[in-house]
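Participant: with the sequence up front, the predicted model follows.
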Amino acid sequence: MKLFRNSKTASVDQLKRELIANYVIIITIILSFYSVYLYLYLQTTFLSFYIFGFLSLVLYTWLIILPKYDINKMVHIYMVAVSLFLTYIMLNAWKNNILVSTWFLPIILAADTFFSKKYVYIYTIYVFLLIVIIFLLNQFYQFNEFIFITESSRKISEVLVFFSNVFILMLLMHYNRLIKRKENDEHNNSIENEKIFTSNDLINTEKKPEKDLKDEKDLEKYMVLFSNIKRIIEDERHFTNPDLSLSGLSSLINSNSMYISTAIKLNGYDSYSHYLNFCRIQNVKKMLKEEDLNKVNLMYIYTASGFSNQVTFNRTFKKIEGITPSEYIKSIIPTP
């Protein structure tokens with residue numbers, strides 16, 4: 001496969017999936033070489049098989065599991081699994097090759113590529129804590145699995161770690177730039193489409209009969225499309241995913257983002273985000289009525305409905321319902 005796709009024709013979701021595919025290919029080459037090097041030259045049999053076992057797990061999830069599951073959830077699993085895998089190696093290699101700590105850097109860059117800023121901060125703190133734990137454990141315990149036979153073997157290992165890390169970081173930075181640019185383009189296109197949609201009447205009574213017939217057929221297609229959108233968003237509860245973008249939904253139902261926006265607007269919503277937030281607010285209201293508010297707090301309810309923070313939730317609730325969440329809670333609590 002081509003290492004880099006033409007970014008003009010690829011969606012954000014396609015770029016993310018291609019990034020994972022290229023990462024798996026590169027990490028397979030690097031870890032395979034490193035596993036053989038450890039086994040033949042450093043005679044560290046356990047670490048060699050440990051690396052090979054992790055590589056087999058990565059290949060399995062990529063080939064079997066990833067195509068069937070949400071890409072963001074799988075990336076979270078990948079990043080946690082990779083960090084735990086690296087932790088054991090770093091425990092054994094820390095005193096001989098401190099450069100192995102740089103293997104954690106791609107995790108932070110990957111968080112910035114796939115997720116919102118909140119997760120970048122979370123993974124940065126997570127990585128920092130892991131390094132601190134590794135450092136402290138090495139002060140009290142002796143880890144002897146990673147022993148270099150000669151000084152030259154240590155230098156070779158450092159060179160391998162450095163260049164493989166540089167290559168992975170270059171890959172991530174390249175796709176990070178493509179993905180951010182594509183997300184910005186799709187955002188601008190969405191705004192432009194909304195302006196076009198607002199300034200033009202989709203159903204014009206002065207059109208010719210032939211055009212009216214075409215519009216009726218188009219309208220029927222949009223209704224079918226919206227039923228698919230509703231199935232994904234509401235029935236399968238994808239509205240609970242705070243990172244579900246328009247491009248992500250486009251990939252899930254295999255349709256163009258502009259068609260999705262039009263289908264949503266034809267069904268009475270201002271935009272994709274308006275429809276998504278409407279579904280989230282309806283779920284919040286449902287949970288407020290069904291849950292025991294003495295046992296669960298509001299944060300649990302709005303995060304379970306897809307909101308990432310309280311400021312966004314409060315603003316969205318007021319915009320859609322016309323009242324604040326606290327005012328709504330008071331209105332549904334029976335008076336004694």
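Facilitator: Arrived safely.
Participant: centre of the chain to whichever strand or helix holds Phe135, how far?
Facilitator: Using DSSP states H and E, Phe135 maps to helix 117-140. Averaging C-alpha positions (Cα atoms, centre = their mean, to the nearest Å) puts helix 117-140 21 Å from its chain's average.
Participant: tally of neighbours for Tyr259?
Facilitator: The number of residues packed near Tyr259 is 16, by other Cβ atoms under 10 Å. (Each C-beta comes from the backbone N, C-alpha and C, glycine too.)
Participant: give me the nearest residue to it, chain neighbours excluded.
Facilitator: Of all residues not flanking Tyr259 in the chain, Leu225 sits nearest, at 6.2 Å (Cβ to Cβ, 6 or more residues apart in numbering).
Participant: ok, the one you found touching Ile264?
Facilitator: No. Using Cβ atoms under 8 Å, Leu225 is not in contact with Ile264, being 9.1 Å away.
Participant: quick one on the thing from earlier: what distance do you get for the residue nearest to Tyr259 to Ser257?
Facilitator: Going from Leu225 to Ser257 by Cβ to Cβ, to the nearest Å gives 12 Å.
Participant: just Ser305 next, same as before
Facilitator: 24 Å.
Participant: follow-up on the earlier one: same for the helix holding Phe135, what does it pack against?
Facilitator: With contacts defined as 3 or more Cβ pairs under 8 Å, 6 or more residues apart in numbering; DSSP states H and E, helix 117-140 has these neighbours: helix 71-93, helix 105-114.
Participant: ok, of those, where does mean pLDDT dip lowest?
Facilitator: Among these, helix 71-93 carries the lowest mean pLDDT, a mean of 81.
Participant: which other residues reach the helix holding Phe135?
Facilitator: With Cβ atoms under 8 Å, 6 or more residues apart in numbering as the contact definition, helix 117-140 has outside contacts at 79, 83, 87, 90-91, 94-95, 101, 104, 107-108, 111-112, 143, 308-309.
Participant: which of those residues tops the neighbour count?
Facilitator: Result: Met90 is most packed of the contacts of helix 117-140 (other Cβ under 10 Å), 25 neighbours.
Participant: what comes up buried for stretch 268-278?
Facilitator: Going by neighbour count (16 or more other Cβ atoms under 10 Å), the buried part of stretch 268-278 is 269, 271-272, 274-278.
Participant: cool, and stretch 321-336?
Facilitator: 321, 325, 328.
Participant: please report how far Leu59 lies from Ile51.
Facilitator: 13 Å.
Participant: next: Phe143.
Facilitator: Phe143 is 16 Å from Ile51, by Cβ to Cβ.
Participant: hmm, back to that, if you look at the buried residues of stretch 321-336, which of them are in helices?
Facilitator: Taking DSSP state H, the ones among the buried residues of stretch 321-336 that sit in helices are 321, 325, 328.
Participant: for the residue nearest the centre of the chain, give me its contacts.
Facilitator: Taking Cα atoms, centre = their mean, the centroid of the chain lies closest to Asn72, which sits 3.2 Å from it. Asn72 sits next to 114-115, 241, 243, 248 when contact means Cβ under 8 Å, 6+ apart.
Participant: packing partners for the helix or strand hosting Ile20?
Facilitator: Using DSSP H and E, Ile20 sits within helix 12-37. Judged by 3+ Cβ pairs under 8 Å, 6+ apart, helix 12-37 is in contact with helix 45-60, helix 71-93, helix 105-114, helix 151-199, helix 246-253.
Participant: pLDDT averaged over it - what is it?
Facilitator: On average, helix 12-37 scores 80.
Participant: what's the angle from it to helix 71-93?
Facilitator: 20 degrees (axes from the mean of the first three to the mean of the last three Cα atoms, to 10 degrees).
Participant: please tell me how far helix 12-37 is from the chain's geometric centre.
Facilitator: 17 Å.
Participant: buried residues in it?
Facilitator: 12-20, 22-24, 26-27, 30-31, 34-35, 37.
Participant: show me where pLDDT drops low in the protein?
Facilitator: 1-13, 42-44, 64-70, 96-101, 144-151, 153-154, 157, 185-217, 334-336 (pLDDT under 70).
Participant: mind doing that once more with 50?
Facilitator: Filtered on pLDDT under 50, the chain yields the residue ranges 1-6, 193-214.
Participant: Thr113 contacts Leu19, correct?
Facilitator: Yes. With contact defined as Cβ under 8 Å, Thr113 counts as touching Leu19 (7.1 Å).
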